[in-house]
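**Q** would you be able to build a 3D model of this:
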Amino acid sequence: MTQVTADQDELPGALLPISRKSAGHVIVDTLAAHGIKRAHVVPGESFLDVLDGLHGSSIETIVCRHEGGATYMAEADGKMNQLPGIAMVTRGPGAANAHVGLHTAWQDSTPMVLFVGLIPFAHRDREAFQEFDIKAWFDTGAKRVMVLDHAARASEIVAEALFAAMSGRPGPVVVGLPEDVIRQQIPADIHPPIPVATGGMTTVDAAALADALGAASKPLFVTGGNDWTQEGADQLTRWLEKHHIPAAAEWRTEGTIPFDSPSYVGPIGYGRPRPTYDLLEETDLLVFVGTVPGDVITDGFLCRQDWSKKNFLVTIDPSLRGRSGPVSYQIVAKPDVFVRDLTKIELPVKDEWKSWTAKMRAEQVAFAALPPATPSDGPARMDTLMANLVPTLPHDAMITLGAGEHTNWAHRYFPTQRYASMISARNGSMGYSVPSAIAASLEYPGRRVVTIAGDGEFLMNGQELATAAQYGATPLVVVMDNQEYGTIRTHQERHYPERVSGTQLKNPEFALMAQAFGGFGIKVERDAEIPAAITAALRAIDEDRVFALIHVVVEQRVKAY
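**A** Numbering: from 1, shown residues only. Prediction:
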């Protein structure tokens, strides 16, 4: 065996027995062995040894321009995959900037692991440069916060972090990496993956659900969360269609049941064909799968609060965190496992189910019908853009969204046909659109990825277009420019009418920004310009293999519904 002398704290590169590596390198090796394909990074001197471990590894290192963008990309990665998304940032300011993505992962139940470089162990509690208390900062917004104080446990802690992010209700985990500890040489053994329990329906559970469905005249399933697979989504769709039972989608999770399914009756939450309140009160059995009736679904914990109502909650989280209203029965299972068992339940189809489903489906079809594609003679309109864009979309097209009224055009018109074809921030976090679109394009380079960003939201993380250009991501970015924070203005007009304050914007030339970042950019001010702009943007993506941005200048106070 080749040997050299080296102090334990020296950086790797000095010759050592091949059975030993630095803790930072073992961290990378463990991530790779557990199937992680990508890490979203804003580099810092506090975790240089991990960066060195990424050099030449099978894990693709995506260097981002802001920690918020990096954690948003990692969070989106966690939504699209069964494994957690991975972000790596440095101490103090870097960790502070990363918090926005962590909150998104917490409220959206997304598996994610955030690695944070820390000051050297020996400098702790001395007000060292960029020192902060990682547990005090993150303990209330993460499932676990762990610090690698013993180098020999590096692989074990990575395995524990991935397990914690995926087990039970998924969510974010934070791992602190003291810079001197990760340089220490340790045995290079890799901790194996820890199996995640998936639950399932017992015979008692299945009988209870079958009885409840048999007694119901107007049942309604609600799908949500990020813990599905395409196979599970397909199986549930077939079972619902066979039994003529309707399903709605939790706000910003459309696509689990396809847009064109006769059982799909639209999104539930903020904005839908009819008020959520009416729908929730009318149905006599709600079955939530992968989610619970929380704030948005229940219109601020107001709808469906009568404890005589029947709600079946299917979630792997026994604590039912975030739910409100009645709980008639809980089934502890991940969605795919529940659906596997659900398909064994055979029920006679009731005529009431057929008419109930057909009625709501007709409302959804009318709501989602595209507006006229022929442009008007006036200013640019998002209706016209959607009417011309949607017919060009392939079956597996994806949409990513941040927060704001601009997202409602996608909720209404975008044809989500597959699981995870809508990647969005259900915690209402702005700035998510561009990073999530980049993550989706990198994960699925052959798919059409579209994002609709508001003018206020775009400038929160629009700089990540540099990341798109660097790594070949090719999303279509639509920036709806109405020169205001539209959602806040709506609330303002409701509570303080005709007293506009703090919501108005003066914007740059977004199309020129796109060009400066290395992509295609075009500005549209008149409705008649929209069809040609879409054609040019899609051509740039498909032929030039660059991202494209359409800057659509619209009138204020024009809404999707």
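**Q** check which helix or strand covers residue 513.
**A** helix 510-516 (DSSP states H and E).
**Q** just the buried positions in that helix, please.
**A** 510-511, 513-514 (16 or more other C-beta atoms under 10 Å). (Glycine included, C-beta is placed from N, CA and C.)
**Q** pairing partners for the helix or strand just after that helix, with directions?
**A** Proceeding N to C from helix 510-516, the next assigned helix or strand is strand 520-524, under DSSP H and E. Looking at strand 520-524 with DSSP bridges, its partner strands are strand 548-553 (parallel).
**Q** what are the buried residues along the strand it pairs with?
**A** Buried residues in strand 548-553 (16+ other C-beta under 10 Å): 548-553.
**Q** for stretch 390-401, same thing?
**A** Applying 16+ other C-beta under 10 Å to stretch 390-401 flags 390, 393, 397-401 as buried.
**Q** got TSV for those residues, with secondary structure, pLDDT and distance to residue 147 too?
**A** TSV is the format used below for these (DSSP: H, G, I helix; E, B strand; the rest coil; pLDDT from 0 to 100; distance: C-beta to C-beta, whole Å):
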residue	secondary structure	pLDDT	distance to residue 147
390	helix	98	49
393	coil	97	46
397	coil	97	42
398	strand	97	37
399	strand	97	38
400	strand	96	33
401	strand	93	35
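**Q** can you name every helix or strand that the helix holding residue 513 contacts?
**A** strand 476-481, strand 520-524, strand 548-553 (3 or more C-beta pairs under 8 Å, 6 or more residues apart in numbering; DSSP states H and E).
**Q** what's it in contact with?
**A** 455, 458, 462, 465, 477, 479, 481, 520-523, 547-551 (C-beta atoms under 8 Å, 6 or more residues apart in numbering).
**Q** quick one: the helices in the stretch 1-150 of the chain?
**A** In the stretch 1-150 of the chain, the helices defined using DSSP state H, counting those that start in this stretch lie at 23-33, 48-54, 67-80, 93-107, 134-138.
**Q** other SSEs contacting the shortest one?
**A** Contacting helix 134-138 under the criterion 3+ C-beta pairs under 8 Å, 6+ apart are the following elements: helix 93-107, strand 144-147, strand 172-178.
**Q** right, so the ones you listed: which one is the most enclosed?
**A** With neighbours taken as mean count of other C-beta atoms under 10 Å, the helices and strands packed on helix 134-138 reach their highest mean count in strand 172-178, at a mean of 27.
**Q** for the following helix or strand past that strand, which strands pair with it and how are they oriented?
**A** From strand 172-178 onward toward the C-terminus, using DSSP H and E, the following helix or strand is strand 185-187. Applying DSSP bridges, strand 185-187 is found paired with strand 20-22 (antiparallel).
**Q** ok, back up a step: mind putting the helices and strands packed on helix 510-516 in TSV, mean pLDDT and distance to residue 501 included?
**A** Shown next, in TSV, are the helices and strands packed on helix 510-516 (pLDDT from 0 to 100; distance: least, C-beta to C-beta, whole Å):
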stretch	mean pLDDT	distance to residue 501
strand 476-481	96	20
strand 520-524	98	29
strand 548-553	98	23
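**Q** now distance to residue 353 too, for these, in TSV please.
**A** As requested, the helices and strands packed on helix 510-516 are exported to TSV (distance: least, C-beta to C-beta, whole Å):
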stretch	distance to residue 353
strand 476-481	39
strand 520-524	45
strand 548-553	42
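**Q** circling back to that earlier point, tell me which of the helices of the stretch 1-150 of the chain sits most buried.
**A** Buried most deeply of the helices of the stretch 1-150 of the chain, by mean count of other C-beta under 10 Å, is helix 67-80, with a mean of 30.
**Q** give the other helices and strands that that one contacts.
**A** Against helix 67-80 (3+ C-beta pairs under 8 Å, 6+ apart) you get strand 38-41, strand 85-89, helix 93-107, strand 112-118, strand 422-424, helix 433-443, helix 455-461.
**Q** residue 143: which of those is closest?
**A** helix 93-107 (8.1 Å; C-beta to C-beta).
**Q** mind listing what the residue nearest to residue 286 when sequence neighbours are not counted touches?
**A** In this structure, residue 286 finds its nearest non-sequential neighbour in residue 311, 4.8 Å apart by C-beta to C-beta, 6 or more residues apart in numbering. Neighbouring residues of residue 311 by C-beta under 8 Å, 6+ apart: 286-288, 293, 304, 325-328.
**Q** next one: phi and psi at residue 311?
**A** phi -130, psi 120 (degrees, to the nearest 10).
**Q** one step back: now render the helices of the stretch 1-150 of the chain as a markdown table, adding mean pLDDT and distance to residue 177.
**A** Converted to a markdown table, those look like this (pLDDT from 0 to 100; distance: least, C-beta to C-beta, whole Å):
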| stretch | mean pLDDT | distance to residue 177 |
| --- | --- | --- |
| helix 23-33 | 98 | 7 |
| helix 48-54 | 97 | 7 |
| helix 67-80 | 97 | 15 |
| helix 93-107 | 94 | 11 |
| helix 134-138 | 93 | 10 |
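**Q** looking at those, spot the one closest to residue 247.
**A** Comparing these under C-beta to C-beta, the one sitting nearest is helix 67-80, at 19.5 Å.
**Q** still on that earlier bit, show the buried residues in the contacts of residue 311.
**A** For the contacts of residue 311, buried by 16+ other C-beta under 10 Å: 286-288, 293, 304, 325-328.
**Q** and which of those residues is nearest residue 353?
**A** residue 287 (13.1 Å).
**Q** name the SS class of the closest one, please.
**A** strand (DSSP: H, G, I helix; E, B strand; the rest coil).
**Q** follow-up on the earlier one: export the buried residues of helix 510-516 to TSV and tack on pLDDT and distance to residue 338?
**A** Shown next, in TSV, are those (pLDDT from 0 to 100; distance: C-beta to C-beta, whole Å):
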residue	pLDDT	distance to residue 338
510	97	44
511	97	47
513	96	45
514	97	43
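**Q** of these, closest to residue 426?
**A** For these, the nearest to residue 426 is residue 510 (25.7 Å; C-beta to C-beta).
**Q** distance of the closest one relative to residue 411?
**A** For residue 510, the distance to residue 411 equals 23 Å [C-beta to C-beta, to the nearest Å].
**Q** now the two most distant members of the contacts of helix 510-516.
**A** Across the contacts of helix 510-516 (C-beta to C-beta), the longest gap, 18.8 Å, separates 455 and 520.
**Q** the two - which one has more neighbours?
**A** residue 455 (26 against 22; other C-beta atoms under 10 Å).
**Q** residue contacts, that one?
**A** Counted by C-beta under 8 Å, 6+ apart, residue 455 has contacts 479-484, 505, 507, 510.
**Q** now the two most distant members of the residues you listed.
**A** Of all pairs in the contacts of residue 455, the most separated under C-beta to C-beta is 484 and 510 at 15.1 Å.
**Q** which helix in this protein runs the most residues?
**A** helix 351-368 (DSSP state H).
**Q** what's the helix or strand just after that one packed up against?
**A** Using DSSP H and E, the helix or strand that follows helix 351-368 in sequence is helix 382-389. Using 3+ C-beta pairs under 8 Å, 6+ apart, the elements in contact with helix 382-389 are helix 408-413, strand 476-481, helix 530-539, strand 548-553.
**Q** as CSV, these with distance to residue 56 would be great.
**A** Shown next, in CSV, are the helices and strands packed on helix 382-389 (distance: least, C-beta to C-beta, whole Å):
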stretch, distance to residue 56
helix 408-413, 40
strand 476-481, 33
helix 530-539, 37
strand 548-553, 33
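**Q** if anything else comes up later, I'll come back, but that's it for now.
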